[in-house]
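# Starting from these lines, generate the structure:
(2 chains)
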Amino acid sequence: MPGKFYITTPLYYVNASPHIGHSYTTIAADTLARYMRNKAGEDNVWFLTGTDEHGQKIEKAAEAAQLTPKDFADEVVLKFIGLWKKLNISYNDFIRTTEDRHIQVVSRALEILYKKGDIYEDKYEGWYCTPCETFWIDAQVIDQACPDCKRKVERISETNYFFRLAKYQDWLRGYINSHPDFVNPESRKEEVLRFLELNKLNDLCISRPKERLKWGIPLPFAPAHVTYVWFDALLNYISAVGYFDENNKYRSKWWPAQLHLMAKDILRQHAVYWPIMLYALGIDLPEKIFAHGWWMLKEEKISKSRGNVINPLDIVNKYGLDAYRYFLLRDVPFGLDGNFSEEAVIKRYNSDLANDLGNLVYRTLTMVEKYFDGNVPHVEGEEINYDPRGEDIIKRIEGRDSIFQKEVRKGLEEYNFSYSLGEIWSLINMANKYVEETKPWNLAKENKGDELKAFIIVLVKVIRQVAGELKPFMPDTSSAIINQLGSQKIEKGAPLFPRLLPQC
RNA sequence: CGCGGGGUGGAGCAGCCUGGUAGCUCGCAAGGCUCAUAACCUUGAGGUCCUGAGUUCAAAUCUCAGCCCCGCAACCA
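I've put the predicted structure just below:
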């Protein structure tokens, strides 16, 4: 299926409610999916998200809430689905790791790898940190405390199953070297490569004995054990869109994915574990993976105890959905970390959305109303004499593949959302300048009807172009603008983004 | 021996890989305009590009040394 676009977010772990980070990855994926639908056609895009629901943390959280793990997950899943609805997320499929279709594929994958000898049994002895679900070897543990969380670790000795990561280390290095576009951005690729060069991979422990953890997918060849959550979760990308046939060949219309999006903290799993799992299973690798940055919250050190964690819903309710989408994608280059604060959101809102874009649309509507009785003028024939003052702007938006569109799309192709939005805003600024230079109010006074008409035609055209390119980023705003400047008669409503007063 | 990110006009950042007049947004000041949401447009002030040394005709940009800041807590994007 050439030209298709299969894009994924990670499966979000349901041990807590969704927060700004989840919404960031998902909004970015949504924007790309919308863009690609427009470019490649609705039927050629598949956008997957979902939830990861097994593992010890869920088991414990459920216990604390006095629910079964499944009931607990069901509740949290509703929060995710509710948020995606609120954020206008256009996913095609939502997969849960507790679904049959997923469990089937995981079981088959385990079986295949076991038969192949890539999963083996071994005795494990060491320390275990329950809250972190992490094993530690003697050298890593000081005073029986977890190196990560400093809590007390337990001595354990048990039989477990291991996946042969180490065997494939050199292959993976070679693969990443010969596919420089695989891990993005480039700095992350270097990070992964260096990691692979400096460290020797350990085989990955992929099981937990049932007496310690019940909530998981049982190993088909060792029913007393369940699968480790990461091994389980990663497979969603293929379990959602395909199956293994009788010959253990994986079949799917959508696979391989064109892009896995994630935050930088789970790069390792996606750039190391996942490709090796796929390779061992004889399945094609995804085309690209992209790890973006984190949002830092001011006063984060005390954020939890003070309860001032950012809830995406609050921000959306306060400032509007598209303002939130805009802020996340504009304020920081995708890939880098950023600082999140309401002041920053308000700043962006007022200067970019209210003053630049909203005001441009509003003043244009008013002019159409005032000078043309609300009828949007049309070009009849070819002989409109554009005002030379509009030359720059016309050059930019001329033709089907205008410079403007090319630049905006270039940003999207490179996952550089802030670049695209910057291009859109530079056209908006040009348009505001164009109004100033043309001085339509003088044209009106001097009864220069033709010039006025030529001017407004250009202006409306610019705004339509802006609305068009804005569509994947801010779908509601885009259609609102199109509606207001509808084909014949304008529908001037309230300003799109009423200016927010200071304070708050 | 920690790991990673970073230090650029008042604030937030880009530029650094591929050396060559230091750029953007916000804020500030002055002016202009009235179609517009006290919005828009123009101009201006303001910088030892952390420090030192080195390479070079030339360094924010490359090399070395040093100083300082942030994250590595939660939850995880």
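
# from here on, contacts and neighbour counts on C-alpha atoms
OK.

# and stretch A:330-347, how far apart are its ends?
12 Å (C-alpha to C-alpha, to the nearest Å).

# quick one: contacts of it?
A:185, A:291-298, A:323-324, A:327, A:415-419, A:421-422, A:500 (C-alpha atoms under 8 Å, 6 or more residues apart in numbering).

# Shouldn't A:Asn317 be within a strand?
No. According to DSSP: H, G, I helix; E, B strand; the rest coil, A:Asn317 belongs to no strand; its state is helix.

# Get me the contact residues on the stretch 351-500 of chain A for RNA strand B.
A:351-364, A:366-367, A:429-430, A:432-433, A:435-437, A:439-442, A:495-499 (C-alpha under 7 Å from any atom of the strand).

# Can you show me the helices along the stretch 301-450 of chain A?
For the stretch 301-450 of chain A, the helices defined by DSSP state H, counting those that start in this stretch occupy A:303-306, A:312-319, A:321-331, A:342-348, A:359-372, A:391-397, A:403-413, A:417-438, A:440-445, A:449-470.

# Out of those, which gets nearest to A:Asp118?
helix A:403-413 (37.1 Å; C-alpha to C-alpha).

# Just name the shakiest helix or strand of chain A by mean pLDDT.
The weakest-scoring helix or strand in chain A, judged by mean pLDDT, DSSP states H and E, is helix A:303-306 (a mean of 40).

# coming back round to it: separate out the buried members of the contacts of stretch A:330-347.
A:185, A:291-295, A:297, A:323-324, A:327, A:415-419, A:421-422 (16 or more other C-alpha atoms under 10 Å).

# Would you mind checking the residues of the stretch 351-500 of chain A next to RNA strand B for buried ones?
Here, 16+ other C-alpha under 10 Å leaves A:352-354, A:356-362, A:364, A:367, A:430, A:432, A:435, A:440, A:496-497, A:499 buried among those.

# Next to RNA strand B in this structure, residues from the stretch 151-300 of chain A, please.
Counting by C-alpha under 7 Å from any atom of the strand, the stretch 151-300 of chain A sits next to RNA strand B at A:Ser187, A:Met262, A:Ala263, A:Lys264, A:Asp265, A:Ile266, A:His292, A:Gly293, A:Trp294, A:Trp295, A:Met296, A:Glu300.

# can you pull out the helices in the stretch 151-300 of chain A?
A:169-178, A:186-198, A:229-234, A:236-239, A:267-268, A:274-281.

# Quick one: residues in contact with the shortest one.
By that I understand helix A:267-268. A:Val192, A:Ala291.

# if we go to 7 Å?
Contacts of helix A:267-268 from elsewhere in the structure, counted by C-alpha atoms under 7 Å, 6 or more residues apart in numbering, are A:Ala291.

# ok now it, how far from the chain's centre?
16 Å (C-alpha atoms, centre = their mean, to the nearest Å).

# before we move on, what about stretch A:442-453?
Using C-alpha atoms, centre = their mean, the distance between the centre of stretch A:442-453 and that of its chain works out at 48 Å.

# Over to stretch A:100-119?
29 Å.

# Stretch A:80-87 now?
14 Å.

# what sits up against that stretch?
By C-alpha under 7 Å, 6+ apart, stretch A:80-87 touches A:Pro18, A:Leu321.

# try stretch A:493-504
A:Asn350, A:Leu353, A:Ala354, A:Gly358, A:Tyr362.

# One more: stretch A:52-66?
Contacts of stretch A:52-66 (C-alpha under 7 Å, 6+ apart): A:11-15, A:68-69, A:72-73, A:96-98, A:213, A:215-216, A:229, A:233.

# Could you tell me how many residues sit around the residue in the stretch 201-350 of chain A that RNA strand B sits nearest to?
Nearest residue of the stretch 201-350 of chain A to RNA strand B: A:Ala263, at 2.4 Å (C-alpha to the nearest atom of the strand). Neighbour count of A:Ala263, defined by other C-alpha atoms under 10 Å: 18.

# now A:Phe473: how far from A:Ala431?
20 Å.

# got the CA coordinates for stretch A:428-438 in CSV?
Extracted in CSV, the C-alpha atoms of stretch A:428-438 (Å, rounded to 0.1, in the frame of the first residue of the first chain):
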residue,chain,number,x,y,z
ILE,A,428,-0.7,37.0,8.7
ASN,A,429,1.7,39.8,9.5
MET,A,430,2.2,40.5,5.9
ALA,A,431,-1.5,40.8,5.5
ASN,A,432,-1.9,43.2,8.4
LYS,A,433,0.9,45.3,6.8
TYR,A,434,-0.8,45.1,3.5
VAL,A,435,-3.9,46.7,5.0
GLU,A,436,-1.9,49.4,6.5
GLU,A,437,-0.1,50.2,3.3
THR,A,438,-3.1,50.1,1.0
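
# quick one: contacts of that stretch?
So stretch A:428-438 is in contact with A:Asp356, A:Leu357, A:Leu360, A:Arg389, A:Gly390, A:Ile393, A:Leu459, going by C-alpha under 7 Å, 6+ apart.

# Could you save those as TSV and add columns showing pLDDT?
As requested, the contacts of stretch A:428-438 are exported to TSV (pLDDT from 0 to 100):
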residue	pLDDT
A:Asp356	95
A:Leu357	96
A:Leu360	96
A:Arg389	70
A:Gly390	75
A:Ile393	85
A:Leu459	92
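
# which stretch in the helices of the stretch 151-300 of chain A has the least confidence?
Ranked by mean pLDDT, these bottom out at helix A:186-198, which scores a mean of 79.

# Mind listing what's buried along that one?
A:Arg188, A:Lys189, A:Glu190, A:Val192, A:Leu193, A:Leu196.

# hmm, who's touching it?
A:Arg173, A:Val183.

# and the angle for it with helix A:169-178?
150 degrees (axes from the mean of the first three to the mean of the last three C-alpha atoms, to 10 degrees).

# chain center to helix A:186-198, what's the gap?
The answer for helix A:186-198 is 23 Å, by C-alpha atoms, centre = their mean.

# CA atoms of that helix as PDB?
Only the C-alpha atoms of helix A:186-198 are listed here, as PDB (Å, rounded to 0.1, in the frame of the first residue of the first chain):
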ATOM      1  CA  GLU A 186      19.200  13.400  14.900                       C
ATOM      2  CA  SER A 187      20.500  14.100  18.400                       C
ATOM      3  CA  ARG A 188      18.500  11.200  19.700                       C
ATOM      4  CA  LYS A 189      19.900   9.000  17.100                       C
ATOM      5  CA  GLU A 190      23.400   9.900  18.300                       C
ATOM      6  CA  GLU A 191      22.300   9.200  21.800                       C
ATOM      7  CA  VAL A 192      21.000   5.700  20.900                       C
ATOM      8  CA  LEU A 193      24.100   4.900  18.900                       C
ATOM      9  CA  ARG A 194      26.400   5.900  21.600                       C
ATOM     10  CA  PHE A 195      24.500   3.900  24.100                       C
ATOM     11  CA  LEU A 196      24.800   0.900  21.800                       C
ATOM     12  CA  GLU A 197      28.500   1.400  21.400                       C
ATOM     13  CA  LEU A 198      29.400   2.000  25.000                       C
END
